[in-house]
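> Got a predicted structure here, sequence first:
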Amino acid sequence: MSHAASAPGRVNLIGEHTDYNAGLCLPLALPQRTTATITARSGSGLSLTSAQTAEEWSGEVGDRPDGWAAYVVGVVWALREDGVDVPGLDVQVTSNVPIGAGLSSSAALECAVAVAIADLTELGLDHAGRRRLVNLCIRAETQYVGAPTGGMDQTIALLAEPGHALLLDFDDGSATPVPLPLDEADLALLVIDTRVSHSLTDGSYGDRRAECEAAAHALGLDSLREADLAAVAGLQDDLLQRRASHVVTENARVRATVSALARQDWTALGTLLDASHASLRDDFEVSCRELDVAVDAAGRAGALGARMTGGGFGGSAVALVPTSSLDAVREGVDAAFTDAGFGPPAHIVVTPGDPARVEEVS
Ligand code: GLA
């Protein structure tokens, strides 16, 4: 008998490069999802196919595949390490989450596979069961795949609340739904996929993480969550000072965003998005020309604010746009890309989607 499950991609509204600093972020699940269908087979081997690529993979967990297969096999590895009796599996994947767009296609894949296996092995998908899967999917990505990511993506994929963003606090581990009443205000979130691919395993992401740890160490702290701007200003090393400054100010912007949303102060929200982008571009240095052009052009064409979203070094920007200005913003960004000599970006209007769930097998 087969078991299927799906999990969403995500867009982070604000709170970037804060998760691995015990900080705050505010992601929402996308309507776009990845579905994994699994069938148990004898032995311990795995056989993987994907509708998105001709690349198939068969082998054992110890064979350590590259590419998309590593995320699937890593989840099987993490579950087995945690004592779950995962049999050999045939796994079929299909997805409409854009790949390499900074929209967390990898966490969607991990979480879809994890929930399908949880269904097969009757692990239970109550809140505690989902929390366990979050941790195992993070382990798959950091320890098996070797991408030193922070946990935001797996947490939102498994714990998302429809119609809400989720305020994640990586210090106390809480996840608090935050209503996102954009419709009522005739506003939309526009994701602009620059189509410049990034990789979180190429070292730049890990460098940022190490710099943050070094800054915390220089301040005598366990993490930058405990840092304040006055102490950060006293850091001798200019690079560490700028990295830490981003993290401290970004945590403050997440809090200010939650408060702006509660007041429905859309102008304030737009200003916070712009400030987040400037900080990621200038202090944290994870933007790129395509993202900067997208953010600037969106603002000039009528967005209330915009910022890069996700790990950076390419990927997507997110813009807060009055519904009446959506066409103008899309056209403005397209024109700016043409002028800059970039290939055309893709545009997706997003609303908060559902968490990972078991699906009927078709
Ligand atoms: C990637 C990682 C996340 C997070 C973001 C930056 O998406 O997977 O854990 O660190 O980058 O906020």
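That came in fine, so what should we check first?
> Residue numbers of this structure in contact with the ligand?
12, 16-17, 19-20, 104, 149-153, 200, 310-311 (C-beta under 6 Å from any ligand atom). Where you see a C-beta, it was placed from the backbone N, CA and C, and this is true even at glycine.
> one more time with 8 Å
When proximity is defined by C-beta under 8 Å from any ligand atom, the chain lies next to the ligand at 12, 15-20, 25, 102, 104, 106-107, 141, 147, 149-153, 200, 205, 310-312.
> quick one: which of these sit in helices?
Counting by DSSP state H, the residues of the chain next to the ligand place S106, A107, M152, D153, Y205 in helices.
> what sits against the last one?
When contacts are counted by C-beta atoms under 8 Å, 6 or more residues apart in numbering, Y205 touches A147, P148, T149, G311, F313.
> and what of the fourth one?
Listed by C-beta under 8 Å, 6+ apart, the contact set of D153 reads R10, P27, S104, S106, A107.
> Same check on the first one?
Taking C-beta under 8 Å, 6+ apart as the contact definition, S106 lies against W68, Y71, E141, V145, A147, D153.
> Let me have these in JSON lines, adding pLDDT as columns.
Conversion of these to JSON lines gives the following (pLDDT from 0 to 100):
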{"residue": "W68", "pLDDT": "95"}
{"residue": "Y71", "pLDDT": "98"}
{"residue": "E141", "pLDDT": "97"}
{"residue": "V145", "pLDDT": "96"}
{"residue": "A147", "pLDDT": "91"}
{"residue": "D153", "pLDDT": "98"}
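> Closest one of those residues to the ligand?
D153 (4.7 Å; C-beta to the nearest ligand atom).
> Would you check that G353 makes contact with R33?
Yes - between G353 and R33 there is a contact under C-beta atoms under 8 Å: 7.2 Å.
> Quick check: neighbours shared by the two?
In contact with both G353 and R33: P8, using C-beta under 8 Å, 6+ apart.
> More neighbours: which of those two?
Per other C-beta atoms under 10 Å, whichever of G353 and R33 has more neighbours is R33, with 24 against 21.
> part of a helix, is the more buried one?
No - if the criterion is DSSP: H, G, I helix; E, B strand; the rest coil, then R33 is strand and not within a helix.
> Distance check, it against A335.
Relative to A335, R33 is positioned 32 Å away (C-beta to C-beta, to the nearest Å).
> what's the spacing between the lowest-mean-pLDDT helix or strand in the chain and its chain's center?
Scoring the helices and strands of the chain by mean pLDDT, DSSP states H and E places strand 53-59 at the bottom, with a mean of 93. Distance of strand 53-59 from the chain centroid (C-alpha atoms, centre = their mean, to the nearest Å) equals 25 Å.
> Isn't E110 up against E141?
Yes - counting by C-beta under 8 Å, E110 does reach E141; the two are 6.4 Å apart.
> Now do the buried residues in stretch 41-56.
Within stretch 41-56, the residues that count as buried by 16 or more other C-beta atoms under 10 Å are L46, L48, T49, S50.
> now, among those residues, which is nearest to the ligand?
Among the buried residues of stretch 41-56, and counting by C-beta to the nearest ligand atom, the member closest to the ligand is S50, at 20.4 Å.
> quick one: contacts for the closest one?
With C-beta under 8 Å, 6+ apart, S50 has these contacts: E56, W68, Q92, V93, T94, S95.
> And the residue in the stretch 201-350 of the chain that the ligand sits nearest to, how close does it get to T149?
Nearest to the ligand in the stretch 201-350 of the chain, going by C-beta to the nearest ligand atom, is G311, at a distance of 3.3 Å. Distance of G311 to T149, given as C-beta to C-beta: 8 Å.
> residue boundaries of the strands in this protein?
2-12, 24-25, 27-41, 46-50, 53-59, 88-95, 164-169, 175-179, 187-193, 305-309, 316-322, 346-350, 357-359 (DSSP state E).
> which one of these has the lowest average pLDDT?
Mean pLDDT values for the strands of the chain show the minimum at strand 53-59, a mean of 93.
> residue ranges with poor pLDDT in the chain?
For the chain, applying pLDDT under 70 flags the ranges 198-202.
> hey, which helix is longest across it?
Per DSSP H, the chain has its longest helix at helix 238-263.
> Who are the packing partners of it?
If contacts are counted by 3 or more C-beta pairs under 8 Å, 6 or more residues apart in numbering; DSSP states H and E, helix 238-263 sits against strand 24-25, strand 164-169, strand 175-179, helix 204-218, helix 229-233, helix 266-282.
> Mind doing that once more with 6 Å?
helix 204-218, helix 229-233, helix 266-282 (3 or more C-beta pairs under 6 Å, 6 or more residues apart in numbering; DSSP states H and E).
> Comparing those, which comes out most buried?
Sort those by mean neighbour count, taking mean count of other C-beta atoms under 10 Å, and helix 266-282 sits at the top with a mean of 20.
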